[in-house]
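A.B. asks: would you be able to build a 3D model of this:
(one chain, ligands or ions: 1)
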Amino acid sequence: MSAKILNGKEVSERIKTELKDKVSELKKIGIFPGLAVVLVGNDPASRVYVNSKKRACEFIGIESFEYALPEETTEKQLLELVAELNADKKVNGILVQLPLPEQINEENIINTINPLKDVDAFHPFNVGRIMTGNPVFLPCTPAGVMELVHESGIDVKGKECVVAGRSNIVGKPQAMLLLAEHGTVTICHSRTVNLEEVCKRADILVAAVGKPEFIKGSMIKPGAVVIDVGINRINGKIVGDVEFASASEVASAITPVPGGVGPMTIAMLMKNTVKAAELYYSRA
Ligand code: NAD
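C.D. replies: Predicted structure coming up:
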């Protein structure tokens, strides 16, 4: 079997084009979405992500405000900037690029962002809303994964869904979104016994472990939909958490890396920013 490729680049372009049309309509009624992107330090991968987010804003017509702060920025300074952005009417969404330098407590920063500007959906208010099935913003990467699952044509309802990885930004919220669509969800992690056996049960397998080519074809049920969230840099090349060559022989549909979940995450961030602007103006 050779799997259908779930082309995240193509799907994300479609979503961004729809958003572009929507933003031009919103501007006619005086709604001008704006996103503040805060980068602290010199992490090269973070710089790449921030640049992609800025380019997406430009394409869609979202105003982006970039704050590039030095590595030695203190937590107090960053908290002050977040407070300013919370109060700034032109800023509808605030994104603080993670990871932050070690002198800054990420949780303190996330907890300070106004939940209605928290377009990453990391604030406990938004996490709670996701958990109770009534989200304000969908978490970007998991929401991007769901779009690609839909693209595969599979109905999540009643399916065995396995999420490998339990991080707060991917694994846990991913499980909630699959559950919201009535999947039977199992979350695996580094202490899971017989990971291979559990993965092999999956009709839908989401890999978010952060280990290059960790999930092999032999761990996949024939015909499963496989979504690879992983981004691992190996000798200048980007590979996922799934061994694509062996997995694509077994799966019915699979995402490539790059060009799968990555661009979808950015499209979902843009969607959340437009939603944040609409929410702001509906309350103004
Ligand atoms: P993380 O390191 O926070 O979490 C990794 C998870 O994998 C942990 O919960 C851990 O328990 C689990 N794990 C580790 N070893 C395991 C093992 N042997 N068996 C089973 N589970 C194991 O990582 P994260 O932030 O969730 O990111 C995961 C991957 O996704 C990374 O490669 C990251 O770069 C990528 N990522 C991609 C996007 C995107 O937009 N495509 C967004 C976020 C993260």
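
A.B. asks: is the ligand contacted by whichever strand or helix holds residue 47?
C.D. replies: When elements are assigned from DSSP states H and E, residue 47 belongs to helix 44-60. No. Figure legend: helix 44-60 not in contact with the ligand (CB under 6 Å from any ligand atom); closest approach 8.2 Å. C-beta coordinates here come from the backbone N, C-alpha and C atoms, glycine included.

A.B. asks: OK, contacts around the closest residue to residue 75 other than its chain neighbours?
C.D. replies: Of all residues beyond its chain neighbours, the one nearest residue 75 is residue 104 (4.6 Å), with distances taken as CB to CB, 6 or more residues apart in numbering. The neighbourhood of residue 104, defined by CB atoms under 8 Å, 6 or more residues apart in numbering, consists of 40, 73-75, 78.

A.B. asks: what distance do you get for residue 104 to residue 83?
C.D. replies: In this structure, residue 104 and residue 83 are separated by 15 Å, where distance is defined by CB to CB, to the nearest Å.

A.B. asks: which parts of the protein sit against the ligand?
C.D. replies: 141, 164-167, 169-171, 188-190, 192, 195, 208-211, 229-232, 241, 261-262, 265.

A.B. asks: so of the residues you listed, which ones are in helices?
C.D. replies: Secondary structure assignment by DSSP state H places 141, 171, 195, 261-262, 265 of the residues of the chain next to the ligand in helices.

A.B. asks: how about these in a markdown table, adding neighbour count and pLDDT?
C.D. replies: Formatted as a markdown table, the entries for these read as follows, by neighbours: other CB atoms under 10 Å; pLDDT from 0 to 100:
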| residue | neighbour count | pLDDT |
| --- | --- | --- |
| 141 | 25 | 98 |
| 171 | 22 | 98 |
| 195 | 18 | 98 |
| 261 | 31 | 98 |
| 262 | 24 | 97 |
| 265 | 24 | 98 |
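
A.B. asks: in contact with the residue nearest to residue 167 when sequence neighbours are not counted, which residues?
C.D. replies: Counting by CB to CB, 6+ apart, residue 208 is the residue found nearest to residue 167 once chain neighbours are left out, at 6.8 Å. For residue 208, the set of contacting residues under the criterion of CB under 8 Å, 6+ apart consists of 141, 163-165, 167, 170-171, 174, 229-230, 241.

A.B. asks: which helices and strands does the helix holding residue 47 pack with?
C.D. replies: Other helices and strands packing on helix 44-60, by 3 or more CB pairs under 8 Å, 6 or more residues apart in numbering; DSSP states H and E, are helix 8-28, strand 34-40, strand 63-69, helix 261-283.

A.B. asks: many thanks, I have nothing further to ask.
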